[in-house]
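[1] this is a predicted model, with the sequence first.
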Amino acid sequence: MVITCCEMKTKIKQLLLTVVFGIWLVSAASAGLAKRIDGIISQSSQKKVQFSIHIIKANSGKTVYSHNANKALVPASNMKIITTAAALKYLGPDYEYKTEVGLCGDTLIVKGSGDPLLGDKVTDAKYGRDAGWIFEDIAAKLKQNGIKTIRDIIVDSSIFDDERVHPNWPKKELNRWYACEVSGLNYNRNCIDITTKTAGGKVNVFIEPKTDYVEIINKVRPIQKGKSAAGAYRSQKPNKIVVRGKCKKQVGPFDVAIERPAAFFGFLLAENLARAGINTEGQLIEKATPQDCNVRILAEYSTPIADCLARCNKDSFGLAAEALLKTIAAYTNADKKNGGWAAGRKAISEYLLGLGIEKDEFYIDDGSGLSSKNKLSANVITKVLFDVYESKDWVLYKASLAVGGIDGTIGKYFKEKKYKSKIFGKTGYIDSVKSFSGVCSSRGGDYIFSILANNAKGRTRAAINDIAKAIVDSE
């Protein structure tokens, strides 16, 4: 086939027109998106809100919208995006937490791995496990080995340091589930469930799991009219919990964080072994496994990193984020122990700097975003998401994000047909801070976005959601 010079010129002209037309369409779509977002954030209800917004095309990383994109703001739980992405980078997609139970002579040793989902209700429900299954399994393993009596129980939480409470978390909220202590051996979200019930003019307080590890002081009064309300408060004595309020029929169950989670696990283990007919004659000791101990492993309990990422991003489970940060820290230490916030911050900061992000665009304080000292720009988050998007781990990571109209923290939003299952992301909320970052799927492809809002008002969440909808509508 022979193409003449004239035909060649015509084809080139048509190609150029097609390219120009395509560029014009993209530019027009970007301009329309920008106009719509500018309108949303300029509403009178949002005028005093500080926004940092960045939207990029996922297939190229090209910016399609930017508003204070390099301004570092408090990110709230959008900090979890950074933590989970860094965990994948440092630990890998095949990483598993492994809690070991074994014997050193007649001493039972439980060696924690920092697993944040041991005894977690959501995870246990996923795998069809009953509450307390791990204690039943340990008792069964002991019986299979003909053991009816043990001496001491050692709980080894040394994979993490003993700074269990972050210094910049709100002091008045340390008994809440989202501010629970972080230990190398965690169990049941490091919480107990409290329920109050009124019967015969008297209020009773029930806890799950049932244990003498905590002492409950019942200050709840019965009422016949009005609304019930009850709360739990710490006292000067560790794990002495005062329950106050008023109860007509029932309040709860509600989660209350306990102190010294590793000892909590050990105490529950001893109680459950006793019920199974296995005696403990010695002490419960929290310490590192003695180096001269040749531990005979009886059982190993594993949790894949994928489960931790999902609980962290879909459900905003703070303990999972902090455990991932401290695990990164432990694995950067020579002895693979004593993972702490300082080393975790350093490792995550190095990850961000390695992506070419400027130092003044972020400050890492904790892994979950509960600390108001954390600072991120929208540009930081989109760069991190783009890094994961381009990696072999994107399918795994995307599955960890909440899905609009389907599950997680955005399951109640984006129910409309045109948005449902099109928005994948992580929300964030602390006092005066609201955020949302992730990926939107539109007819024109995927868009990576980050929306951070400080001085947030009551209508800011709706404005943020409207921006996400605008992205889906953009092409």
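    Arrived safely, thanks for sending.

[2] use CA for all of it now, contacts and neighbours both
    Fine.

[3] next, count neighbours for the residue nearest to residue 442 when sequence neighbours are not counted.
    Residue nearest to residue 442 in three dimensions, not counting chain neighbours: residue 472, with 4.8 Å by Cα to Cα, 6 or more residues apart in numbering. When counting by other Cα atoms under 10 Å, one arrives at 23 neighbours for residue 472.

[4] residues in contact with residue 472?
    419, 422, 423, 440, 441, 442, 443 (Cα atoms under 8 Å, 6 or more residues apart in numbering).

[5] how far away is it from residue 118?
    Residue 472 sits 38 Å away from residue 118, taking Cα to Cα, to the nearest Å as the criterion.

[6] for residue 439, same thing?
    Using Cα to Cα, which is the criterion applied here, residue 439 is 30 Å from residue 118.

[7] neighbour-wise, which of the two wins?
    A count of neighbours by other Cα under 10 Å puts residue 439 above the other of residue 439 and residue 118, at 29 against 24.

[8] need the three-state assignment for that one.
    strand (DSSP: H, G, I helix; E, B strand; the rest coil).

[9] that one touches residue 404, doesn't it?
    No: between residue 439 and residue 404 no contact is recorded; they are 10.6 Å apart, counting by Cα atoms under 8 Å.

[10] any shared contact partners between those two?
    Common contacts of residue 439 and residue 404, defined by Cα under 8 Å, 6+ apart, comprise 423, 424, 425.

[11] can I get those residues in JSON lines including secondary structure, pLDDT and neighbour count?
    Below are the shared contacts of residue 439 and residue 404 laid out as JSON lines (DSSP: H, G, I helix; E, B strand; the rest coil; pLDDT from 0 to 100; neighbours: other Cα atoms under 10 Å):
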{"residue": "423", "secondary structure": "strand", "pLDDT": "98", "neighbour count": "27"}
{"residue": "424", "secondary structure": "strand", "pLDDT": "98", "neighbour count": "27"}
{"residue": "425", "secondary structure": "strand", "pLDDT": "98", "neighbour count": "26"}
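
[12] which one of these sits closest to residue 156?
    Among these, residue 425 lies closest to residue 156 (Cα to Cα), at 35.8 Å.

[13] if I look at the closest one, how far off is residue 312?
    12 Å.

[14] kindly report the same for residue 449.
    When Cα to Cα is applied, the distance between residue 449 and residue 312 equals 19 Å.

[15] of these two, which one has the most company?
    Neighbours of residue 449 and residue 312, each counted by other Cα under 10 Å, are more numerous for residue 449; the result is 31 against 27.

[16] name the helix or strand for residue 241, please.
    Taking DSSP states H and E as the criterion, residue 241 maps to strand 240-247.

[17] same question for residue 80.
    Of the helices and strands defined by DSSP H and E, residue 80 is found in helix 79-91.

[18] try residue 285
    strand 284-286.

[19] C-terminal to that strand, what's the next element?
    Elements were assigned by DSSP H and E; along the chain past strand 284-286, the next helix or strand is strand 296-304.

[20] what lines up beside that following strand in the sheet?
    In the sheet, strand 296-304 lines up against strand 96-104 (antiparallel) (DSSP bridges).

[21] contacts for the strand it pairs with, please.
    Here strand 96-104 has contacts from 108-115, 138, 293-305, using Cα under 8 Å, 6+ apart.

[22] likewise for stretch 335-352?
    With contact meaning Cα under 8 Å, 6+ apart, stretch 335-352 is reached by 82-83, 86, 158-163, 325-333, 363-366, 380, 384.

[23] which parts of the stretch 151-300 of the chain are strands?
    Assigned by DSSP state E, counting those that start in this stretch, the strands in the stretch 151-300 of the chain fall at 153-156, 191-199, 202-208, 215-222, 229-234, 240-247, 250-257, 279-280, 284-286, 296-304.

[24] now the fifth one: buried residues?
    Judged by neighbour count using 16 or more other Cα atoms under 10 Å, the buried positions of strand 229-234 are 230, 231, 232, 233, 234.

[25] and it with strand 240-247, angle?
    Orientation of strand 229-234 against strand 240-247 (axes from the mean of the first three to the mean of the last three Cα atoms, to 10 degrees) gives an angle of 170 degrees.

[26] average model confidence for strand 229-234?
    Across strand 229-234, the average pLDDT comes to 96.

[27] then the second one?
    Average pLDDT, strand 191-199: 98.

[28] do the same with the third one
    Per-residue confidence for strand 202-208 averages out to 97 on the pLDDT scale.

[29] then the last one?
    On average, the pLDDT along strand 296-304 is 97.

[30] so after it, what's the next helix or strand?
    Remark: after strand 296-304, the chain's next helix or strand is helix 305-313, criterion DSSP H and E.

[31] elements contacting that following helix?
    Where contact means 3 or more Cα pairs under 8 Å, 6 or more residues apart in numbering; DSSP states H and E, helix 305-313 is packed against helix 79-91, helix 318-332, helix 394-400.

[32] give me the contact list for whichever helix or strand comes after the shortest one.
    As assigned by DSSP H and E, the chain's next helix or strand after helix 394-400 is strand 402-403. Under the contact criterion Cα under 8 Å, 6+ apart, strand 402-403 has outside partners 313-315, 408-411, 420-426.

[33] now the buried residues of strand 229-234 in TSV, with distance to residue 97?
    Formatted as TSV, the entries for the buried residues of strand 229-234 read as follows, by distance: Cα to Cα, whole Å:
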residue	distance to residue 97
230	36
231	33
232	32
233	32
234	31
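
[34] ok, back up a step: give me whichever of the helices and strands packed on helix 305-313 is most buried.
    Burial of the helices and strands packed on helix 305-313 is given as mean neighbour count (mean count of other Cα atoms under 10 Å); helix 318-332 ranks first at a mean of 27.

[35] now the helix or strand following that helix, how far from the chain's geometric center?
    Read in the C-terminal direction, the helix or strand following helix 318-332 is helix 341-354, with elements assigned using DSSP H and E. When distances are taken as Cα atoms, centre = their mean, to the nearest Å, helix 341-354 is centred 18 Å away from the chain's centroid.

[36] hang on, residue 385 packs against residue 438?
    Yes: Residue 385 is in contact with residue 438 according to Cα under 8 Å; the separation is 7.3 Å.

[37] joint contacts of these two?
    Shared contacts of residue 385 and residue 438 (Cα under 8 Å, 6+ apart): residue 448.

[38] distance check, the residue nearest to residue 240 when sequence neighbours are not counted against residue 410.
    Sequence neighbours aside, residue 215 is the residue nearest to residue 240 in space, at 4.6 Å (criterion: Cα to Cα, 6+ apart). As for residue 215, its distance to residue 410 is 37 Å (criterion: Cα to Cα).

[39] which one's more surrounded, these two?
    Between residue 215 and residue 410, counting by other Cα under 10 Å, residue 410 is the more crowded of the two (23 against 13).

[40] what's the separation between the more buried one and residue 195?
    On the measure of Cα to Cα, residue 410 and residue 195 end up 28 Å apart.

[41] report the central residue of the protein.
    Central residue of the chain (Cα atoms, centre = their mean): residue 312, 2.3 Å from the mean position.

[42] for that one, what are its contacts?
    Counting by Cα under 8 Å, 6+ apart, residue 312 makes contact with 80, 84, 318, 319, 320, 321, 400.

[43] now residue 333: phi and psi?
    The phi and psi values for residue 333, taken as degrees, to the nearest 10, are phi -80, psi 150.
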